[in-house]
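>>> what's the 3D shape of this:
(one chain, ligands or ions: 1)
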Amino acid sequence: MLNLVRVKLNEKNREIYRGGIMDERIKEILGKMSIEEKVAQLTCIERNEICEKEHFSQEKAEAHLKNGAGHISPVLRPFDPEQGTKISNEIQKIAVEKSSSKIPVIIHDECLHGCMAKGSTSFPQSIALASSWDPEMMYRVAKIIGKETRTRGIHQALSPTINIARDVRHGRVEETYGEDPYLTSQMAVAFIKGLQSEKVIATPKHFAADFAGDGGRDSGPTFFSERILREVFFPAFKASIMEAKAWSLMAAYNSINGIPSSSNKWLLTDVLRNEWRFEGFVVSDYGSVGGLYRSHRVANSLAEAGKLALEAGLDIEIPASFCFSHLARLVKEGKISESIIDRAVERVLRGKIWLGLFENPYSDPEEASLICDCDKHRQFALKVAEKCMVLLKNNGILPLSKDIGSIAVIGPNADAIRLGGYSGSGMKVVTVFEGIKNHISKRTKLYFTEGCKVNDRDKSGFSKAVSIAARADVAILVVGNSAETEGENRDRCNLNLPGVQEDLIKAVADTGTPVVVVLINGSAVTMANWFDSVDAILEAWYPGEEGGNAVANIVFGNRNPAGKLPITFPKYTGQLPLYYNHLPCLRTYDYVEVRGFQPMFPFGYGLSYTQFEYKNIKVSPEKFSKKGNIRVSVEVENAGNYEGDEVVQLYVRDIVSSIIRPVKELKRFSKIHLKPGEKTMVEFTLEESDLSFFDENFKPITEPGLFEVMVGKNSTEGLKTTFELK
Ligand code: BGC
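Next up, the predicted model:
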């Protein structure tokens, strides 16, 4: 994959294990196991069963681990690194010394943008990481997450989330890498490789097409054709399995065309195992097996739900095993064949061998406390946050002069901890207000007030906001969402800023003081009501533990913003769903109110403090045969006054095809760095496979003919030319 060629992967062991040694070892272990011990490997102990709040119970752990256990849900989350590691060691000691099977356990946790166990480094939220368009950075982020996670005795990350965000009303858009299958695949592969290079099992989720229910509803039913699944919703999963070799995968809560994803044999066996050669184990989403009985109602008991899921190809029920706990009985009654149980146990054992748990199931508490959220990782979190922010508007006010006389910092997200969904705890978080305070000179006067809450109708704080803004040279308004207004099971039907935040912006702007808006949020917001009243807008997303310092570095020009949007921002909620790579339409694709230019900001959009000019797009050769490849080059010059990064994006359109193709599709991107006045030639190579699509039988084909290629700074602005495939 692009940008990752230099990354060395620790995949050697996997190759060794894939052959004889691993299989022999598994056969040997399996041969000694009772059916109860086997089933125990497919189940998970809920953390509350062995831990009451912050008290770990040795006695309860021993009782639950009698037959061994496959998995344990995030039991270490409330403990600091040192204490957590000690508990992990105690659990493993019980498993390998006191349980009948003597098999070590896998402890899992969430690692979306940092391990959720207390005291880990918190990086910017996934949607922010994707805005960097920097897979190499993503690899390093995931490697740090992996190191902190494994060092403290956690072995499986229920991450990354790689669902495609085609409807930005969905509450979990913040957890995704955006709307594009190619960008999502690149980011997913980098994340998984980084995590697994530290021997933490990655779990791309939620398979499949979750987050895309009607109107963006969480885990809602979906009705997608096989074509759209394969073209849009599958590629990142396929890349995660085939290219990054993820060891696990999570089945989704949703249903597709009437079949729940957690009991869908076509998804979990035919596509995943038979087509993509997945060798790891599939875990349920939390409670999704029970959901087959309780909500989808395709089973008449929990036991039947377990049977349906297992037979479809789902191997482990988490976080507790209300359904899979019946499996041993079902085998004894002849209702499930033991060979299906063996198949799933083999997959779990293969993972445990790869993790090295049989050699050494223990971790070092001292190392964990040294590594987790150490200074080096915090400094990297700062750099990452700076690379993830997207400048959406700037009339020239930014960057602010460091000698500015006075600043009013206003807004409900200015001095609040906002890390986004699936964030850890116990680390120091720098808010935007603190970041600005850290960066201003002694002479600059700083005023602060919240103005209003994120989601409240109370305007009593407005008068103070207006009075400090009127006295200041600039107002920095930090607004957006919070865990109250978006996130899991919190989808939105209106993308305006919640509460009275839009009125706050207008009241402050009416003072005549220039306004810089900083958005802290996880999906698109609509801004038609206030866009023209403000001078600059910086999309900071949920920016991680160093977010406040990163915002300040950008606002004061120590860093030049270079993030690009991984989702389309609509002008109005009524336009949704809205994504750039739609199919052509015989009529205009626009609504009357937005005819001509419909997104507020297109996919791939983001400004810089400098200007990048694109010239001389060339393809060579102009015709190429199926075996060859084609080079597309463009000159990019930094024609402004700041040095900076630019993400050069390449989109392709098949001009005539037997099956309708999207109006454009991202096929390549490259991040470059240029000093003022400097120019460079950026060259991309495309191969035949980049031009392929599925025929009626879902076989990949390419058809000769003309293709349009566009290279530019976002999905709507670029230089175009054509080439021919012979
Ligand atoms: C989410 C998963 C998550 C699990 C455990 C579920 O509600 O859908 O993404 O891994 O909870 O935290």
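>>> Can you give the contact residues for the strand or helix carrying Ala408?
According to DSSP states H and E, Ala408 maps onto strand 406-410. Here strand 406-410 makes contact (C-beta atoms under 8 Å, 6 or more residues apart in numbering) with 400, 415, 432-433, 436, 440, 444-451, 465, 468-469, 471-478, 504, 508, 513. Glycine gets a C-beta too; all of them are placed from N, C-alpha and C.
>>> out of these, which are inside helices?
432-433, 436, 465, 468-469, 471, 504, 508 (DSSP state H).
>>> Now the buried members of those residues.
Listed as buried from those are 432-433, 436, 465, 468-469, 504, 508; burial here means 16 or more other C-beta atoms under 10 Å.
>>> Can I get those in TSV including pLDDT and distance to Val409?
What follows is these, written out as TSV (pLDDT from 0 to 100; distance: C-beta to C-beta, whole Å):
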residue	pLDDT	distance to Val409
Val432	98	7
Phe433	98	5
Ile436	98	6
Ala465	98	10
Ile468	98	9
Ala469	98	10
Leu504	98	13
Val508	98	11
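>>> among the residues you listed, which two are most distant?
Greatest spacing in these, by C-beta to C-beta: Ile436 and Leu504 (18.1 Å).
>>> Thr43 touches Pro319, doesn't it?
No. Look at Thr43 against Pro319 with C-beta atoms under 8 Å: they stay out of range, at 10.2 Å.
>>> and this protein, which of its residues are near the ligand?
Contact residues (C-beta under 6 Å from any ligand atom) of the chain with the ligand: 110, 158, 205, 285-286, 488.
>>> Can you give the domain ranges for this structure?
Following automatic domain parsing, one finds the domains of the chain at 23-370, 374-594, 612-725.
>>> most tightly surrounded among the ones you listed?
Comparing the domains of the chain by mean neighbour count (mean count of other C-beta atoms under 10 Å), domain 23-370 ranks first with a mean of 22.
>>> Can you give me every residue that contacts Ile340?
So Ile340 contacts 310-311 (C-beta under 8 Å, 6+ apart).
>>> From here on, call the first residue 53.
Sure, I'll start numbering at 53, so the last one becomes Ile392.
>>> What strand or helix carries it?
Applying DSSP H and E, one finds Ile392 within helix 390-407.
>>> Please enumerate the strands of the stretch 653-778 of the chain.
664-672, 675-676, 681-690, 696-706, 717-726, 731-739, 745-746, 752-753, 757-764, 770-777 (DSSP state E, counting those that start in this stretch).
>>> where are the low-confidence patches of this protein?
Where the chain drops to pLDDT under 70, the residues are 53-72.
>>> What ranges does the stretch 103-252 of the chain have for its strands?
Ranges of strands in the stretch 103-252 of the chain, per DSSP E, counting those that start in this stretch, are 103-104, 107-108, 123-124, 158-161, 208-209.
>>> Next, format those as JSON lines and append distance to His116.
Shown next, in JSON lines, are those (distance: least, C-beta to C-beta, whole Å):
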{"stretch": "strand 103-104", "distance to His116": "11"}
{"stretch": "strand 107-108", "distance to His116": "12"}
{"stretch": "strand 123-124", "distance to His116": "9"}
{"stretch": "strand 158-161", "distance to His116": "13"}
{"stretch": "strand 208-209", "distance to His116": "18"}
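>>> Grab the nearest non-local neighbour of Ser313.
Ala304 (4.0 Å; C-beta to C-beta, 6 or more residues apart in numbering).
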